[in-house]
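Undergrad: when you get a sec, could you give me coordinates for this:
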Amino acid sequence: MTDQGSNDGELFRSGMGRRGFLAVAAGATLAAGPFLGGGSADAATEQLGSSRGGDPVTTPRVAGLHLQFGADASREVVVSWHSLQPIRNARVLLGRPDGGYERSVTAATVSYTDAKSGQVVYAHHARLGNLRADNDYAYAAVHQGAEPEYGSFHTGPAGRAAFTFTSFGDQGTPTTGRRYVPPAGVTIPNPPYVNDNLGSPAAGDVTAGVERVRPLFHLFNGDLCYANLANDRVRTWSDFWENNSRSARHRPWMPSAGNHENELGNGPIGYAAYQTYFSVPPTPGQTDVTKGLWYAFTVGSVRVISLANDDIAYQDGGSSYVRGYSQGAQKAWLESELAASRQDKNVDWVVVCMHQVVISTADKFNGADLGVRQEWVPLFDKYGVDLVVCGHEHHYERSHPIRGQETNPTLTPVTAATRTDVVDTTKGTVHMVLGGGGTSAPSNQLFFNPPRCRVITAVGEPDPATGKRPPVYVTEDAPWSAVRDAAHSYGFAAFTVDPGSARGGTTSLKVTYYDVVGPDGALRAFESFTLQRPRSDRH
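TA: Numbers count the residues shown, from 1 in each chain. Next up, the predicted model:
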């Protein structure tokens, strides 16, 4: 941590005066407010490296500004951005929404080289510690010669409190089309790409919808931007951040790694881009290869565990087949983490964020994966996981609470209860498929009627032409399927924690799934229901 003295303080205050911030009522989170005027920033920007002093050719801007929580959301937030050129003096200026300056924190820089283009990408992460719980902060991210970019955040509560978080997966970028097709008779060598990563305009609409809810944080359930499918992977990541920074600079976006984060040649198992752009809570025992691929953090009475399912899933879905890469390390960590969470009297809710699914009733799509049922589900059952949020299937669906498995080839989950409006999660885990983040390949029109599930139980030998291992499917009945949305392709879920008012009483999560039905994040509530369980402080 560094203190740049009066210069950084002047830069922070002048920027706040020029832009201003408005507190909003919902959750007391902040958003960038209108240009409010204020004192001139000439002196500060001349001295401290605004765009006026930087060469626009050699000085990159602050791009892709976004946040992540630390392991304790009440105490730590990481501010991150990236550049395609080396920079100097990367730091975050931290203060209050009223313009009061507190301190400057140096950012650490990490990088990767995209194997397809040779482009080096630099990411800058400033870890802000010793924060006050349940508090509003404003900040500016800046490096030498660049105009500061401003954001805001609200820290998590210390202990039990009400708050809202959101979740979706499988987004892409908000563009349409694929490779340009020239008119008949016209030949264009290497015609340009309009879009090549399964994007759609809905990828922008869904982000706008999340901002209408203004959650404390957002869980992103894998397959972020589909860069592994893109001709220009670095540009695809850039498009992703240009779309999502409007939200992620004001509230942490906490990811899980999906199969499309596996980019051939980018690190030993393909996740170097993902691992560089994000700075998630550190996990003991991870190697340079597995760093950041699984982690956990606590917000109030909720413990969130993010998993990387390519480690145990059978499906060959990424740019390389990496099943088994952790050699059991992730599973051992998961069991230890679940055991500790359930022994913690301050943790009521255990929520798992991951990509590939245990349940799905879409036909002719990815399907459920036996690997996940074999490796994770017995641990979810043993330690009473309350909620699992996933992506991978590009629709909305939720299960009844499930506990146990049938002794059949697909390990069919056993339904523990069938009430759909109020669910007691002590009876079983609720799985939610939230893959409507914006791709151009939705699966909500592919539902089996009546509900059935295709389960990948193995893969065949690699195809000589593509190198891909074909999935082997077994179809099962799906009595565990509770609710699914066939009418709309895109949306997200919002979860509001009610901690309860008495020691040993009941706590609840109110869940609303929103269809995103138009531009600017137009929303329509598809359904609402409540998860409930006893508080863990009952003894």
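Undergrad: quick check: buried residues in stretch 80-97?
TA: Applying a neighbour-count criterion of 16 or more other Cβ atoms under 10 Å, the buried positions in stretch 80-97 are 80-83, 87, 89-97. (Each C-beta comes from the backbone N, C-alpha and C, glycine too.)
Undergrad: correction: the previous question concerned stretch 308-326.
TA: Buried residues in stretch 308-326, defined by neighbour count with 16+ other Cβ under 10 Å: 308-323, 325-326.
Undergrad: now stretch 443-451
TA: Of the residues in stretch 443-451, 443, 444, 446, 447, 448, 451 count as buried by neighbour count, 16+ other Cβ under 10 Å.
Undergrad: in TSV, list the residues you listed along with distance to residue 118.
TA: Putting the buried residues of stretch 443-451 into TSV (distance: Cβ to Cβ, whole Å) gives the following:
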residue	distance to residue 118
443	36
444	39
446	39
447	44
448	46
451	48
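Undergrad: what's opposite the most centrally placed residue in the chain in the beta bridge?
TA: If you average the C-alpha coordinates of the chain and look for the closest C-alpha using Cα atoms, centre = their mean, you land on residue 220, 2.3 Å from that point. For residue 220, the beta-bridge partners under DSSP bridges are residue 168, residue 255.
Undergrad: roughly how far does it sit from residue 435?
TA: Distance of residue 220 to residue 435, given as Cβ to Cβ, to the nearest Å: 11 Å.
Undergrad: which residues touch the residue nearest to residue 73 when sequence neighbours are not counted?
TA: Here the nearest residue to residue 73 in space, its sequence neighbours aside, is residue 156; by Cβ to Cβ, 6 or more residues apart in numbering that works out to 3.1 Å. Taking Cβ atoms under 8 Å, 6 or more residues apart in numbering, we find residue 156 in contact with 69, 72, 73, 74, 133, 134, 163, 216, 217, 298, 299, 300.
Undergrad: just give me the neighbour total for the residue nearest to residue 409 when sequence neighbours are not counted.
TA: In space, residue 409 comes closest to residue 474 once its chain neighbours are excluded; the distance is 5.4 Å by Cβ to Cβ, 6+ apart. Here the neighbour count serves as a burial measure; for residue 474 (other Cβ atoms under 10 Å) it reads 16.
Undergrad: for this structure, where's the lowest mean pLDDT among helices and strands?
TA: Within the chain, no helix or strand scores below strand 30-32, which has a mean of 37 by mean pLDDT, DSSP states H and E.
Undergrad: quick revisit: can you confirm the residue nearest to residue 73 is in a strand?
TA: No. Going by DSSP: H, G, I helix; E, B strand; the rest coil, the assignment for residue 156 is coil, not a strand.
Undergrad: returning to what we had before: please convert the buried residues of stretch 80-97 to JSON lines, extending it with pLDDT and distance to residue 273.
TA: Conversion of the buried residues of stretch 80-97 to JSON lines gives the following (pLDDT from 0 to 100; distance: Cβ to Cβ, whole Å):
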{"residue": "80", "pLDDT": "98", "distance to residue 273": "13"}
{"residue": "81", "pLDDT": "98", "distance to residue 273": "15"}
{"residue": "82", "pLDDT": "98", "distance to residue 273": "10"}
{"residue": "83", "pLDDT": "98", "distance to residue 273": "14"}
{"residue": "87", "pLDDT": "96", "distance to residue 273": "19"}
{"residue": "89", "pLDDT": "97", "distance to residue 273": "25"}
{"residue": "90", "pLDDT": "98", "distance to residue 273": "19"}
{"residue": "91", "pLDDT": "98", "distance to residue 273": "24"}
{"residue": "92", "pLDDT": "98", "distance to residue 273": "22"}
{"residue": "93", "pLDDT": "98", "distance to residue 273": "28"}
{"residue": "94", "pLDDT": "98", "distance to residue 273": "28"}
{"residue": "95", "pLDDT": "97", "distance to residue 273": "32"}
{"residue": "96", "pLDDT": "93", "distance to residue 273": "34"}
{"residue": "97", "pLDDT": "91", "distance to residue 273": "33"}
